[in-house]
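The following block contains a protein sequence and its predicted model.
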Amino acid sequence: MSAAILVYGSQEFGRVVRRLVEDCGRTFHGFVDDWHTGDDVIGRFDSVIQTCPPDRFEFVIAVGYKNLSARWSVYQRVMNAGYRVATLAHPSAYVARSASIFEGALVMAAATVDVAATLRELVVLWPGAVISHDSEIGENCFVSPNATVCGHCRIGRDSFIGAGAVIVDHVNVPGGAFLRAGSVFGSGKVRRLGLEQ
């Protein structure tokens, strides 16, 4: 029997992640939130770990892209407490058998992870995103709806790829990058995360 899922973060992203958990046939146990209360919020992390032991529960991290360093810190906190962080791929997503998906990655509906592609820890692929063959998405990146990463690309950790953006083949995107929605990257058109107005 699969461990029940605790979703760390209860706001908009948390509600989306809850649906992904359920669509993947996993049992949602409740939201863990250090800042907010509300429906199905069962408490702060420090209190929840007293009643939900690591041998019976796993976490999914639903801290959003606006603070990627805090998101990674939450991941480390959960891991250090002895919990697994679940990797989830929606049933309608295509994940090639030769693809590699690391712990905590989330693949939403109708996304594509093509042949020999790699998603590192805590990557989020939104609906319709395409990661083409032999490309690698670094740790803690968000790839927005209908964005396309062509073949043999490398995306550095803590990057955000906007909706409908295209990264042309054989390109390396530096860590901490912020690509605007609808942009095409291959000619240096990239802004650092946090500098975008």
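Done, it's in.

alpha carbons only for contacts and neighbour counts from here, please
Fine.

For the most centrally placed residue in the chain, name its beta-bridge partners.
Centroid-nearest residue in the chain, with CA atoms, centre = their mean: Val124, separated by 2.4 Å. According to DSSP bridges, Leu106, Phe142 are recorded as the beta-bridge partners of Val124.

What does the pLDDT read for it?
pLDDT, Val124: 98.

I figured it was touching Pro145, is that so?
No. Taking CA atoms under 8 Å as the definition, Val124 is not a contact partner of Pro145, at 10.4 Å.

domain parsing for this structure?
4-80, 88-186 (automatic domain parsing).

what's the most buried one of these?
Highest mean neighbour count among those (mean count of other CA atoms under 10 Å): domain 88-186, with a mean of 22.

Quick check: end-to-end length of it?
30 Å (CA to CA, to the nearest Å).

what does stretch 113-124 give?
With CA to CA, one end of stretch 113-124 sits 12 Å from the other.

can you check stretch 43-59 too?
14 Å.

Residues contacting it from elsewhere in the structure, which ones?
3-8, 31-35, 37, 42, 78, 81-86 (CA atoms under 8 Å, 6 or more residues apart in numbering).

ok, now stretch 153-169?
Against stretch 153-169 from outside (CA under 8 Å, 6+ apart): 65, 68-69, 134-152, 170-186, 193.

One more: stretch 128-137?
Under CA under 8 Å, 6+ apart, the answer for stretch 128-137 is 108-120, 123, 143-157.

Show me what the mean pLDDT comes to for it.
The average pLDDT within stretch 128-137 is 98.

just stretch 51-68 next, same as before
Mean predicted lDDT for stretch 51-68 stands at 96.

ditto for stretch 155-169
Rounded mean pLDDT across stretch 155-169 is 96.

Which of the contacts of stretch 43-59 fall in helices?
Val78 (DSSP state H).

among the contacts of stretch 43-59, which are in strands?
Those of these mapping onto strands are 4-8, 31-32, 42, per DSSP state E.

Can you add pLDDT and give these back as TSV?
Listed next are the ones in strands among the contacts of stretch 43-59 as TSV, based on pLDDT from 0 to 100:
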residue	pLDDT
Ala4	98
Ile5	98
Leu6	98
Val7	98
Tyr8	98
Phe31	98
Val32	98
Ile42	98
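
want to throw those residues into TSV with distance to Thr51?
TSV is the format used below for the ones in strands among the contacts of stretch 43-59 (distance: CA to CA, whole Å):
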residue	distance to Thr51
Ala4	13
Ile5	14
Leu6	12
Val7	15
Tyr8	15
Phe31	14
Val32	12
Ile42	10
